[in-house]
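> Quick check, what structure comes out for this input:
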Amino acid sequence: MTRPRAGEPRTSPLPSVAGALRAMESLLLSGGQRTARRNAWTAVLEDRRRAEDRVAAQHVLEAVSERTSRAT
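Below is the predicted model:
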């Protein structure tokens, strides 16, 4: 990689906030804590996805039950 000349802007992007937080986390937490935190967050996201699926299934069941109750 070439070094920028005097007065030229740097070409490397600034780190993102998320990247900076991950760097701080790696400095402050041991590997086991980091893995546990990552696993917990993955579980939270999976729970949210399942909740959305339950809501969608409930809407389908309600729509089907309304349709069959009118037909009888």
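
> The most centrally placed residue in the chain and residue 39, how far apart?
In the chain, the residue lying closest to the centroid (CA atoms, centre = their mean) is residue 45, at 6.7 Å. Computed as CB to CB, to the nearest Å, the residue 45 to residue 39 distance reads 11 Å. C-beta here means a position set from N, CA and C on the backbone, and glycine is covered the same way.

> cool, and residue 15?
Taking CB to CB as the measure, residue 15 falls 25 Å from residue 39.

> so which helix or strand takes in the residue nearest to the centre of the chain?
In this assignment (DSSP states H and E), residue 45 forms part of helix 31-71.

> what's the answer for residue 19, then?
Assigned by DSSP H and E, residue 19 falls in helix 17-28.

> Please state the offset of the helix or strand of the chain with the lowest mean pLDDT from the chain centre?
In the chain, the helix or strand scored least confidently by mean pLDDT, DSSP states H and E is helix 17-28, which has a mean of 82. Relative to its parent chain, helix 17-28 has a centroid offset of 16 Å by CA atoms, centre = their mean, to the nearest Å.
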